[in-house]
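Visitor: sequence and predicted model, in that order:
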Amino acid sequence: MTPDEFRDAGHALIDWIADYREHLNEMPVRAQVSPGDVRNQFPATAPQDTVAFDALLQQLDQRVVPGLTHMQHPMHFGWFPSNASLASVLGDIASSGIGSLGISWESCPALTEVEEVTCDWLRQLTGLSDAWHGSIHDTASSAMVVMALVARERASDFCKLRGGLQATPSALTVYTTEQAHSSVAKAVQLAGFGDANLRMVDCDPVHRSMDPAALAEAIDSDIRNGLQPALVVTSSGSTGITAFDPIDDIATVTEARGVWLHVDAAMAGSAMLLSECRHLWHGVERADSVAWNPHKWFGTVLDCALCYVRDTETLVRVLSTNPSYLQSGADGQVTQYRDWGIPLGRRFRALKLWFHLSLDGIEAIQSRLRRDLDNARWLAETVSAHPDWELVAPLTLQTVCVRHLGDHAGAPLSGDALDSHTLDWVRRINDSGQAFLSPATLDGRWFVRVSVGVERTEREHVEALWTLMQASVQDA
């Protein structure tokens, strides 16, 4: 493809994206396909002949769009927001078009230094002190693996330089809660701690926040039994119910025992752009690392996760390799982001943040976050006022956790019958294509998460969802 051909095709693709976004609300929210439907529309072997770009766009409409669950749809309330602001999409296009290779500062000085700048902008905007230094990962899950490795090495006095975990005199242990994201358990496995050395600490029964006293006892018990505590992972906005662990009190425990403290704020980190929300992660300055995803509620298109640490020396010592073919005269003067994460090569992800902040503006982003908080409060208050509905967890941000308590006739339900009823009415909504919600469990019983925060979701959409919820339980 020549630059001129690319120009013509690019204009057509931008028009296609704009049309797609403009008409999203006319489509069913969830993909209306069965397993194999999309795959079966493609030939079994790669195309032998080229395809005209307008024909390719037609195939995109016919083969791909029906298989999309539309994350940008204003009636999408499932999981967490995964916004993709069009301003950041332009930055993503610029990154791909430039095609830079971030294997060292020398390979693309602009990539490194714009990443430094944008990470520092977001540090300031979320109220973190200048003791923190950030980098961009693909997801908070990858950042979690990196922090598990760093915590492992610090706790073992850098066992990687000797016989690795196999040579450590005692097992290393990790602490979190049942509310933690699944990436914590995966990081424990990938970093070699092993499932048997992952401790689930007791929580407050109402807010589901980690109990610092229970954490202290768990750590001290392991120490008495000859184990080596290495890592505590706290949730600032857990996936299930948006629970917040008391970081300040937990830091008192970890500091006294020399344990690495990581804060997983994957979704809720966006809320820290609002000064009125920062009390939720009080004590964060005492943590060792923090990760959050601008590609969620904030709205920078996937993939874009920020990870901040205070001790960059330990980070680099754990992750640095420094092969001869990447050494240059700039070493020692510049940041080498290959030593801050797992991959050697990296995309110019910082362009997405730069474009997003520059074109949309921080005040507009903050205003949208406040709108979502207000809409979530409205729904929570509406649910609480209805005798047949309940909030299963206190509202902290924008995720409303609900359960309908009776059958269509209003008879109270419990146990397995209540679970069946819950899954039935949420399935009806999702199958209809009118909205999308994600069920989850708490204390072994199902409830429904209403995650408010898609860029185009306004009060009218939340009100329409409430009407749909009430109708669906009558039909169940």
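Guide: Arrived safely, thanks for sending.
Visitor: run through this protein and note the low-pLDDT ranges.
Guide: Applying pLDDT under 70 to the chain flags residues 408, 476.
Visitor: quick one, domains of it?
Guide: 3-68, 93-360, 366-475 (automatic domain parsing).
Visitor: between these, which one is nearest to residue 79?
Guide: domain 366-475 (5.1 Å; Cβ to Cβ). All C-beta atoms are positioned from the backbone trio N, CA, C, and that covers glycine.
Visitor: can you give me the helices for this protein?
Guide: 3-22, 53-59, 86-98, 109-125, 140-155, 182-190, 212-224, 247-257, 312-319, 350-360, 362-384, 415-432, 459-475 (DSSP state H).
Visitor: what are the buried residues along the third one?
Guide: What that stands for is helix 86-98. 86-93, 95 (16 or more other Cβ atoms under 10 Å).
Visitor: got the contact list for that helix?
Guide: With contacts defined as Cβ atoms under 8 Å, 6 or more residues apart in numbering, helix 86-98 is touched by 17-18, 21, 299-301, 304, 347-349, 351-356, 358-360.
Visitor: surely residue 195 and residue 184 touch.
Guide: No - counting by Cβ atoms under 8 Å, residue 195 stays clear of residue 184, with 11.4 Å between them.
Visitor: who's more crowded, the two?
Guide: Taking other Cβ atoms under 10 Å, residue 195 and residue 184 do not tie; residue 184 has more neighbours (23 against 9).
Visitor: which ones are touching that one?
Guide: If you count contacts by Cβ under 8 Å, 6+ apart, then residue 184 has 144, 174, 176, 198, 233, 264 around it.
Visitor: got a quick ChimeraX command for the buried subset of the contacts of helix 86-98?
Guide: Command for ChimeraX, covering only those of the contacts of helix 86-98 found buried under the criterion 16+ other Cβ under 10 Å:
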select :21,299,300,301,304,347,348,349,351,352,353,354,355,356,360
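Visitor: so which residues of the stretch 201-350 of the chain form strands?
Guide: Along the stretch 201-350 of the chain, the stretches classed as strands by DSSP state E, counting those that start in this stretch are 228-235, 260-264, 289-292, 305-309.
Visitor: nearest to residue 102, out of these?
Guide: Here strand 305-309 is closest among the strands of the stretch 201-350 of the chain (Cβ to Cβ), at 15.5 Å.
Visitor: neighbouring contacts of that closest one?
Guide: The contact list for strand 305-309 (Cβ under 8 Å, 6+ apart) reads 119, 122-123, 128, 132-140, 142-143, 146-147, 150, 266, 269, 288-295, 315, 340-341.
Visitor: may I have that strand as CSV, with CA atoms only?
Guide: Provided in CSV are the C-alpha atoms of strand 305-309 (Å, rounded to 0.1, in the frame of the first residue of the first chain):
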residue,chain,number,x,y,z
ALA,A,305,-2.1,1.0,32.1
LEU,A,306,-0.1,3.1,34.4
CYS,A,307,2.2,1.6,37.0
TYR,A,308,4.0,3.8,39.5
VAL,A,309,6.8,2.9,41.9
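Visitor: ok, back up a step: any idea which of the helices of the chain is most buried?
Guide: Of those, the one with the most neighbours on average (mean count of other Cβ atoms under 10 Å) is helix 140-155, at a mean of 24.
Visitor: what packs against that helix?
Guide: For helix 140-155, the packing partners by 3 or more Cβ pairs under 8 Å, 6 or more residues apart in numbering; DSSP states H and E come out as strand 172-176, helix 182-190, strand 228-235, strand 260-264, strand 289-292, strand 305-309, helix 312-319.
Visitor: list the contacts for residue 466?
Guide: Counting by Cβ under 8 Å, 6+ apart, the residues that residue 466 touches are 379, 382-383.
Visitor: just the residues you listed now: which is nearest residue 373?
Guide: Taking Cβ to Cβ as the measure, residue 373 lies nearest residue 379 of the contacts of residue 466, at 11.1 Å.
Visitor: which residues touch residue 135?
Guide: Neighbour list for residue 135: 115, 119, 306-307, 337, 340-341 [criterion: Cβ under 8 Å, 6+ apart].
Visitor: so how far is residue 272 from the nearest residue to it once chain neighbours are set aside?
Guide: Nearest non-adjacent residue to residue 135, counting by Cβ to Cβ, 6 or more residues apart in numbering: residue 340, 4.4 Å away. Per Cβ to Cβ, to the nearest Å, residue 340 is found 21 Å from residue 272.
Visitor: also residue 339?
Guide: Residue 339 is 27 Å from residue 272, by Cβ to Cβ.
Visitor: which residue packs closest to residue 141, ignoring adjacent ones?
Guide: Using Cβ to Cβ, 6+ apart, the nearest residue to residue 141 is residue 183, at 3.8 Å.
Visitor: so the one you found makes contact with residue 138?
Guide: No - the pair residue 183 / residue 138 is not scored as a contact, 12.0 Å apart, by Cβ under 8 Å.
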